[in-house]
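>>> fold the following and give me the result.
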Amino acid sequence: MQVCSRLVWDCVKALQELGSRNKLTLAWVPGHKGHKGNEEADSLAREGAGRALIGPEPFCGIVKTHVRASIDEWMDGKSREWWRNLPQQRQA
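So this is what the prediction gives:
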């Protein structure tokens, strides 16, 4: 299994630890279908969404490829700027 999100990785590890000491069953429950417990979960989720975040920042990870692309773009700009500012270079 390949996990690219720190949040997902933390959830996987927590579930593995919980499952090592308990019988654990994960089941997909479609929302808004009146399943027992789902209404309570929706209510708790709405309540939690209205509260301030508790935990490490940023709470949503940044994709590595986005970070790399941003750094590459910044470096390209700096290289062009450096090259243009060399005294022996002609301006285009």
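
>>> what is the least confident helix or strand in the protein?
The weakest-scoring helix or strand in the chain, judged by mean pLDDT, DSSP states H and E, is helix 38-49 (a mean of 84).

>>> contacts for that helix next, please.
Outside helix 38-49, the residues that touch it by Cβ atoms under 8 Å, 6 or more residues apart in numbering are 29, 31. Any C-beta I mention is one placed from the backbone N, CA and C, and that applies to glycine too.

>>> buried residues in it?
Neighbour counts over helix 38-49 (16 or more other Cβ atoms under 10 Å) mark no residue as buried.

>>> restrict that helix to CA atoms and write it as PDB.
Below are the C-alpha coordinates for helix 38-49, written out as PDB (Å, rounded to 0.1, in the frame of the first residue of the first chain):
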ATOM      1  CA  ASN A  38     -24.800   7.800  10.900                       C
ATOM      2  CA  GLU A  39     -27.100  10.600  12.100                       C
ATOM      3  CA  GLU A  40     -25.100  10.900  15.300                       C
ATOM      4  CA  ALA A  41     -21.900  10.900  13.300                       C
ATOM      5  CA  ASP A  42     -23.200  13.600  11.000                       C
ATOM      6  CA  SER A  43     -24.200  15.700  14.000                       C
ATOM      7  CA  LEU A  44     -20.800  15.300  15.600                       C
ATOM      8  CA  ALA A  45     -19.000  16.100  12.300                       C
ATOM      9  CA  ARG A  46     -21.000  19.300  12.000                       C
ATOM     10  CA  GLU A  47     -20.200  20.200  15.600                       C
ATOM     11  CA  GLY A  48     -16.500  19.500  15.100                       C
ATOM     12  CA  ALA A  49     -16.400  21.500  11.800                       C
END
